[in-house]
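> Just to be clear, the model below is a prediction. Sequence and coordinates:
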Amino acid sequence: MSTAKKFAGQTAIYGLSTIISRMIYFVLTPIYTRALPVGGNGIFTAMYGNASIVNAILAFGMETTYFRYLQKRADNKQQVYNNAFGVVIAVSLVFLLFCLLFLDDIINYMQAGVVKDHADYSFYVKCFLVILIADAFCVIPFAKIRADGRPMKYAFVKCTNILFVVLFNLFFLFGIPFIIGHHLIGAQWMSGWYRPHWVGYVFLANAAASVFTIFLLLPEIFKLKLKFDSAMYKEMFLYSWPILIANISYLINESLDKVMLKHMLPEATSDKYVGIYGVCAKIAIFLSIFVQAFRLGAEPFFFSHAKNKNSGDTYARIMNYFVITVALITVAVVANVDILAVVIVGKQTKIVNHHLVANEYWSGLGVVPLLLFGYLSLGIYMNLSVWYKLSDQTKYGLYISGIGAVLTIVLNWIFIPKYNYMASAWISFIAYATMMILSYVWGQRNYPIPYNLKKNLVYIIIAAVFVYLSFYVFGHNIFIGNALLMLFVVGTYFAEQKELKAVFIKR
């Protein structure tokens, strides 16, 4: 089997659970838009924006470090596991202690001046402490499952987690109101404390599901041995800390715009606009899903094939098909953006109190093309990042992501007050595109890989032209958009048919 075909298989297997889980979150989004007020979705978006940055700190760059040192220290895999998992546990416990000591200060920060909701935000923060610590404890066990080549186990745990998220959400948002409304058993008790349309139930559901995931991973957790190799850890730390900073910087690019919108816009409208931006960003989830699936398959694959003679050619071929795929997904999402908007947020107009009013979420659709090209750039950057991970030059990951983070912070600070969330969408694209370009330039100088730059640029430019025509010129007309998509698909097939056949040739 060709290495390209093997990689495609691994990406499909490990990415399938991610696709399923993210698609279920996609299904939950229209539930949230209907069950929660726009401001509630804004709180949801801002809370998870902060949490994603903390997640990177707690993981401490140990996931990538674990994969790298399994390859470097293949004779002592158990100690690599002990070190990586031990660090994550220690960092998580220190973080928890810090949060408990400064709990009121954290709550006040999250409120962003909304004094009347102190009790609610106290509950939100406590839920997220549970989510963050539980998720951190699962990082290295999940990495071990991937490294051991057990995709079915990985998929089972991930999908079970999502199943519980869905069930808990449905119970709190719809099950309890049904029980109360139909006077079923427990209705009187529930009516005494239940609050309709409260976002806190979403956080509670996610916290319960995260705790349950720990129980599913207990077989992996119990493989931890309380034996710490300080000499090995020093090496791992030197490798991991630039990745930690790079991951934090990447998540600043990904999430800080929501946090800044929450704090920089007027208090009366901040939750509404963050909600619109966050929900419309979910339309770009299809490309985000593919990028995440690619990362799950790519990281262990790249490390395991680093010593192969033709590894550079393999990485270049993978890049070719990655660019083609993300370009096609980008055009497809924009071609069908109106359908996706109806599914996620409802029709463009709705009846409220017998009056026809505009659906506020539709005003944010302009962010979708920009976020899609941001994700396209991010995916290419993740593909390119193989050079500094394999050459142990992780400091470059720090530099690249740091520059992206600085752009995100400075440009959002300058432009949010005037351009609201549209500024954040543009800046997200600019930051990821900058990171992509820097990684390519520095990578070719330090660890050359024979990427087909001209070919990849052609596909990206064609995608950009088709997206511009579909969304801006033809007003996201579904028929014209899909005609352009089919033209892209047919042209790609004829251009790539020889290479496609070669991928499936056994060697």
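It's in.
> Now do the helix or strand containing residue 322: which elements does it pack against?
Per DSSP states H and E: residue 322 is located in helix 311-335. Of the remaining helices and strands, those touching helix 311-335 by 3 or more Cβ pairs under 8 Å, 6 or more residues apart in numbering; DSSP states H and E are helix 3-35, helix 285-304, helix 367-384, helix 453-468, helix 478-503. The way it works is simple: take the backbone N, C-alpha and C, and place the C-beta from them, glycine included.
> Which strands or helices does the third one pack on?
The helices and strands touching helix 367-384, judged by 3+ Cβ pairs under 8 Å, 6+ apart, are helix 267-281, helix 285-304, helix 311-335, helix 395-446, helix 453-468.
> Could you look up the next helix or strand downstream of that helix?
Remark: after helix 367-384, the chain's next helix or strand is helix 386-390, criterion DSSP H and E.
> now the angle from the helix or strand that the helix holding residue 322 is followed by to helix 311-335?
Counting by DSSP H and E, the element after helix 311-335 in chain order, helix or strand, is helix 337-345. Counting by axes from the mean of the first three to the mean of the last three Cα atoms, to 10 degrees, helix 337-345 lies at 80 degrees to helix 311-335.
> which other helices and strands contact helix 337-345?
Packing partners of helix 337-345 (3+ Cβ pairs under 8 Å, 6+ apart): helix 3-35, helix 267-281, helix 478-503.
> hmm, back to that, list the buried residues in the helix holding residue 322.
Of all the residues in helix 311-335, those buried under the rule 16 or more other Cβ atoms under 10 Å are 311-312, 314-335.
> same check, this time on stretch 418-427
For stretch 418-427, by 16+ other Cβ under 10 Å, it's 420, 421, 422, 423, 424, 425, 426, 427.
> Low-confidence bits of the chain, can you list those?
Flagging of the chain using pLDDT under 70 yields the residue ranges 1-42, 44-45, 49, 112-117, 296-301, 304-307, 349-358, 500-507.
> repeat that for 50
The chain contains residues with pLDDT under 50 at 1, 506-507.
> thinking again about what came up before, how far away from the center of its chain is the helix holding residue 322?
Between the centre of helix 311-335 and the centre of its chain there are 18 Å (Cα atoms, centre = their mean, to the nearest Å).
> gap between residue 319 and residue 124?
Separation of residue 319 from residue 124 (Cβ to Cβ, to the nearest Å): 41 Å.
> what do you get for residue 196?
The value you get for residue 196 to residue 124, if Cβ to Cβ is used, is 17 Å.
> The helices and strands packed on helix 367-384 into a markdown table, with extra columns for distance to residue 261?
Formatted as a markdown table, the helices and strands packed on helix 367-384 follow (distance: least, Cβ to Cβ, whole Å):
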| stretch | distance to residue 261 |
| --- | --- |
| helix 267-281 | 5 |
| helix 285-304 | 19 |
| helix 311-335 | 23 |
| helix 395-446 | 6 |
| helix 453-468 | 24 |
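> Of those helices, which is nearest residue 107?
Comparison of these against residue 107 by Cβ to Cβ identifies helix 267-281 as nearest, at 16.4 Å.
> Which elements pack onto the closest one?
If contacts are counted by 3+ Cβ pairs under 8 Å, 6+ apart, helix 267-281 sits against helix 3-35, helix 38-59, helix 230-264, helix 337-345, helix 367-384, helix 395-446.
> okay, these, which one's buried deepest?
Ranked by mean neighbour count under mean count of other Cβ atoms under 10 Å, these are led by helix 367-384, which reaches a mean of 25.
> Report the angle between that one and helix 230-264.
Going by the same axes, to 10 degrees, helix 367-384 makes 170 degrees with helix 230-264.
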